[in-house]
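Chemist: sequence unavailable; structure follows:
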């Protein structure tokens, strides 16, 4: 009843239903791990996940899968592959202990989680417990987080509470506590997933911060060198070749820094936007005496992200300034070239005038030589006529022929010159 489906139709339609949150009955426990996995380790990662499924006689995920949900006896696992990292979550029913001594990850085979290929970015335990009529006080929160400063708020417009300290506790895990007042199982799963994602995206965003710190002194040195170079170009100091070499070196340094950092800085912006979105989805309401997650991120994460954005913008500005310096040096070279061309044209004009004068001198000598030879021929002719008996005075004929021959030769040279230069002279303005 329909035309042929587009090859990607079903995949795109199912994409909005991918990675659904796990419904959680209160009480429950969860362990979340986010790992940076290199592209060449993707196959090992999937094989490692398949080995876990094999231990519990569960069908392993198909090749190329990007998310898996599976029941493994007393626990349930969820695996997601993102662009740069993979997220693995273990869910287990029942309450744990305030010191997180029995997390959900304790149900995994011994050593299996440590054998995951990749590097750990985030590891967190979470407890989903029933909320007491009153918000927990500092003493009750200290059972979960010790003496650390706790961050939390009412979430879901008062349907629950969430607490964390964003600290890595002994054992390498952060801690989250989700108190359920009236959250449905799916709401509990969504809220816990958002808390885990906030932590994961926060850490991924901060990957750019060490790079920003490393680039700052380098950019300051480049800025000083570029300012000095621009002053030398403006003052006309130094030869063009050395200036071009220095400018090329600075351009190479800037472009190298841009190429090495822009992906990380772009990812930082994207992850920070995801953190902001996930915090907004919590729909926090302040609890007395407790800093909200949004406030904590605004004070601790946003300045670091702003630093990364500033360094990224400075790099782009440096690239533009180097391009402007190149344009300035190019203008200086063009002006010098124009001056050389003008001097060359003046020299060529002087040479042309000298050649014209030499040509005129040669023409004058040529006229004298031609007149001499023609008059000589006339004299020989007159002598021959006199010897033949004609009444001819050779000297007289020679004397009278000189002006006549000179005038004829001059007219002939003038006609030749007019014929040679006639193409350069408009017909109406040609000399007559």
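Modeler: Perfect, thanks for sending it. Treat the numbers as computed from the prediction; the structure is a model and nothing was measured.
Chemist: what are the phi and psi values at residue 167?
Modeler: Torsion angles at residue 167 (phi, psi; degrees, to the nearest 10) stand at phi -110, psi 150.
Chemist: ok, now which ones touch it?
Modeler: When contacts are counted by Cβ atoms under 8 Å, 6 or more residues apart in numbering, residue 167 touches 145, 148, 174-175. Just so you know, the C-beta spots here come from the backbone N, C-alpha and C atoms, and that holds for glycine as well.
Chemist: where does the chain have low pLDDT?
Modeler: 237-238, 240, 421-432 (pLDDT under 70).
Chemist: give me the longest helix you can find in it.
Modeler: Ranked by residue count under DSSP state H, the longest helix found in the chain is helix 302-387.
Chemist: ok so, going back, which of the contacts of residue 167 has the largest number of neighbours?
Modeler: Within the contacts of residue 167, neighbour counts (other Cβ atoms under 10 Å) peak at residue 175, which reaches 24 neighbours.
Chemist: and that residue, that's in a helix?
Modeler: No. In this structure, residue 175 is strand, not part of a helix, as judged by DSSP: H, G, I helix; E, B strand; the rest coil.
Chemist: go ahead and confirm it touches residue 141.
Modeler: No. At 10.5 Å, residue 175 does not count as touching residue 141 under the criterion of Cβ atoms under 8 Å.
Chemist: from the contact counts, what lies against the following helix or strand past the longest helix of the chain?
Modeler: Sequence-wise, the next helix or strand downstream of helix 302-387 (DSSP states H and E) is helix 394-421. Helices and strands touching helix 394-421, as assessed by 3 or more Cβ pairs under 8 Å, 6 or more residues apart in numbering; DSSP states H and E, comprise helix 302-387.
Chemist: ok and the helix it packs on relative to helix 394-421, angle-wise?
Modeler: Angle, helix 302-387 to helix 394-421, by axes from the mean of the first three to the mean of the last three Cα atoms, to 10 degrees: 160 degrees.
Chemist: and helix 302-387, what does it pack onto?
Modeler: By 3+ Cβ pairs under 8 Å, 6+ apart, helix 302-387 packs against helix 185-206, helix 208-235, helix 240-282, helix 394-421.
Chemist: mind redoing it with 6 Å?
Modeler: Judged by 3 or more Cβ pairs under 6 Å, 6 or more residues apart in numbering; DSSP states H and E, helix 302-387 is in contact with helix 208-235, helix 240-282, helix 394-421.
Chemist: quick one, which of the ones you listed is nearest to residue 59?
Modeler: helix 240-282 (31.7 Å; Cβ to Cβ).
Chemist: what helix or strand is residue 47 located in?
Modeler: helix 42-55.
Chemist: give me the contacts around stretch 321-332.
Modeler: 226, 230, 233, 243, 247, 250-251, 254 (Cβ atoms under 6 Å, 6 or more residues apart in numbering).
Chemist: ok, and the most crowded of these?
Modeler: The most crowded member of the contacts of stretch 321-332, judged by other Cβ under 10 Å, is residue 254 (23 neighbours).
Chemist: test my guess that that one contacts residue 318.
Modeler: Yes. Residue 254 is within contact range of residue 318, at 4.9 Å (criterion: Cβ atoms under 6 Å).
Chemist: from the contacts of residue 167, pick the one nearest residue 126.
Modeler: Proximity of the contacts of residue 167 to residue 126 (Cβ to Cβ) peaks at residue 175, which lies at 7.5 Å.
Chemist: ok, residue 124 - how many residues close by?
Modeler: As a measure of burial, residue 124 has 26 neighbours, counting by other Cβ under 10 Å.
Chemist: could you do the one 4 residues further on as well?
Modeler: Residue 128 has 27 neighbouring residues, counting by other Cβ under 10 Å.
Chemist: quick one, strands of the stretch 1-150 of the chain?
Modeler: Under the criterion DSSP state E, counting those that start in this stretch, the stretch 1-150 of the chain contains strands at 28-36, 67-72, 75-81, 85-93, 119-130.
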